[in-house]
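Novice: have a look; sequence and predicted model below, questions after that.
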Amino acid sequence: MINKQLKLILVSTPIGCLGSGKGGGVEITIISLIKGLISLGHKIILIAPKGSKLPFESELLEIRLIDGIDQPSWQHQKETDPILIPSNSVLPRLWEEAIYIANEYDAVINFAYDWLPLWLTKTQTIKIFHLISMGAESLIMKEIISEISELYPFQLAFHTKRQSKDYCLKNDPIIVGNGFDIENYLFNENENGPLGWAGRIAPEKGLEDAVKVANSLGEKLLVWGLIEDKEYASKIENIYTKEIIEWKGFLPTNKFQEQLGRCRVLINTPKWNEAYGNVIVEAMACGVPVIAYDLGGPGELIENGLNGFLVKPNDIEGLIKATKSISEIKRKNCRDWFEKKATNKVFAELVENWLDKGLNKQISADFQD
Ligand code: UDP
C-alpha cells in the first residue's frame, strides 16, 4: 500500500478512441484501472485519442484528448515487420503531451503495445511504467521489451505468467492480472440459457471452433464483438447451410453483461497466446462458466471443474464434451472467483504495489503468485 497520493499520467492505446472497441480488451483495462486508482485516492490525468469517453467523472480525474491517425495493430502484421508511424499519427502526439506535463507528476503508465513509449523510457527522467497487453507478436517489440526488462525491471508488468513467457525477460516478471468494476456486472442464476461467444471477430480469436460446437449440438451461438475482419466473419457464416450464428454486435458493457449473463456457457477459443482474456472474466462476473483452450491467459483464469473447463487447443470433441457437462459447474463459483481475483479493486491494488516498487526500486516477491 502507498500512503501518499500519487499523481499519475495514463497514456491510452493509440488504436481507436476509448469506447470504440478498436483497442480490444485494453479499453476496459484502462477504464477499470482509472476507477480503481481513484478509489485508492490517486490523482489521474488520462491522455487519450480524440473521441474517448469514460463512463464516470471524478474530481481526481482529468482527460486530455488528442487528435491523430490510429497506429496499425501489431496483431495483424508479420513478425519481422518494421515499426510504422503513419503521417499525422496520434501515438507521438499522445507522448508529446505526456512529456510536456511530466515534471508535475510522479509517474506515467503506458497502455500502448508499441515501440515508441518503451524506447522513451530510456530518455526521460520521469518513470514510465508499461502494462504489456499482448503476447509477443513482433520481433522488434520482443527486443525492446527484453531490453527494458533488463534496464528497468520494475517498470514492466504483464497480465498473466503465460503471456510473460512469450518474452525473453532478464528478470522475473511482475504479474498484475486485470480487473473489472464489480458494480457493472450482475449475477444471473439462470442455468438454461444459450451458448455464447465474445471477442473481436478476427482469425486469432478462433470463432469457427465455437461455431462447430454449436452446429454439432444443433444449437444457436450468440456472438458479441466488433467485426474487425468482415471477410473472415462471412467465411465462417457461409460454411453452414442453416444459420447458426446470431450476431449481437458490439455493445456497451451494461448491455453486453446483461445479455452475456443469460448464457449457460461462454465458449472461448483463441488460437494465439491470449495475454489475458477479458471476456472470460466478464462472463464469470455474471455467473457464466467458461470453456476455453488451455493456452495463454485463459489457462490461468479457468480453474478446471470450478469455474469452467479447460480443453486441449483445437480439440473440438473436447469442447463438445465439456459443453455437455457444463451444468456440473456452479454459477455461484464463477461469480465468487471473480469477486476474489479480478475486481478493479484487486487489480488497482496490484498496480499500486507495482508502482510503489518501481518508484522505490526494491525487489519484491509479492507479485510472484
Ligand atoms: N466487448 C464489449 N462489447 C461487446 C463485446 C466485447 O465491450 O459486445 C469488449 C469486452 O468487454 C472486452 C473486449 O471487448 O473487454 C475484448 O477483450 P478481450 O481481452 O477478450 O480480447 P482482445 O480484443 O483484447 O484480444
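Specialist: Yep, it's here. A quick note: this is a predicted structure, and the numbers were derived from the prediction, not measured. Numbering: from 1, shown residues only.

Novice: show me which residues of the chain sit near the ligand.
Specialist: With CB under 6 Å from any ligand atom as the criterion, the chain meets the ligand at residues 24-25, 28, 198-200, 224-225, 250-251, 253, 256, 276-279, 282. Quick note: C-beta positions are derived from backbone N, CA and C, even for glycine.

Novice: so of those, which ones are in strands?
Specialist: Judged by DSSP state E, strands contain the following of those: 198, 224.

Novice: PyMOL command for the buried members of the residues of the chain next to the ligand?
Specialist: One line in PyMOL is enough to select the buried ones among the residues of the chain next to the ligand; burial here means 16 or more other CB atoms under 10 Å:
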select buried, resi 24+25+28+198+199+200+224+225+250+251+253+256+276+277+278+279+282
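
Novice: ok, the nearest residue to residue 283 once chain neighbours are set aside - contacts?
Specialist: Computed as CB to CB, 6 or more residues apart in numbering, the closest residue to residue 283 that is not its neighbour in sequence is residue 266, at 4.0 Å. Taking CB atoms under 8 Å, 6 or more residues apart in numbering as the criterion, residue 266 is in contact with 196-198, 260, 279-280, 283, 288-291.

Novice: which helix in this protein has the most residues?
Specialist: Longest among the helix segments of the chain by residue count, using DSSP state H, is helix 344-360.

Novice: burial measure for the closest residue to residue 257 other than its chain neighbours, as a count.
Specialist: Nearest non-adjacent residue to residue 257, counting by CB to CB, 6+ apart: residue 185, 4.9 Å away. Under the neighbour criterion other CB atoms under 10 Å, residue 185 is assigned a count of 26.

Novice: any idea how far the one helix or strand the residue nearest to residue 283 maps to is from the middle of the chain?
Specialist: Assigned by DSSP states H and E, residue 266 belongs to strand 265-268. The chain centroid and the centroid of strand 265-268 are separated by 17 Å, computed with CA atoms, centre = their mean, to the nearest Å.

Novice: alpha carbons of it, as CSV, please.
Specialist: What follows is strand 265-268, C-alpha atoms only, in CSV (Å, rounded to 0.1, in the frame of the first residue of the first chain):
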residue,chain,number,x,y,z
VAL,A,265,-21.7,-21.1,-21.1
LEU,A,266,-19.2,-18.9,-22.8
ILE,A,267,-17.0,-20.8,-25.3
ASN,A,268,-13.7,-19.1,-25.7
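
Novice: give the rounded mean pLDDT of it.
Specialist: Strand 265-268 shows a mean pLDDT of 98 in the predicted model.

Novice: do the same with stretch 92-105
Specialist: 98.

Novice: cool, and stretch 10-30?
Specialist: 96.

Novice: how far does it sit from its chain's centre?
Specialist: Here the centre of mass of C-alpha atoms in stretch 10-30, compared against the chain's by CA atoms, centre = their mean, lies 9 Å away.

Novice: cool, and stretch 100-115?
Specialist: Average the C-alpha atoms of stretch 100-115, do the same for its chain, and the two points are 19 Å apart (CA atoms, centre = their mean).

Novice: likewise for stretch 158-174?
Specialist: On the basis of CA atoms, centre = their mean, the separation between the geometric centre of stretch 158-174 and that of its chain is 15 Å.

Novice: that stretch: end-to-end distance?
Specialist: Between the opening and closing residues of stretch 158-174 we find a distance of 6 Å, counting by CA to CA, to the nearest Å.
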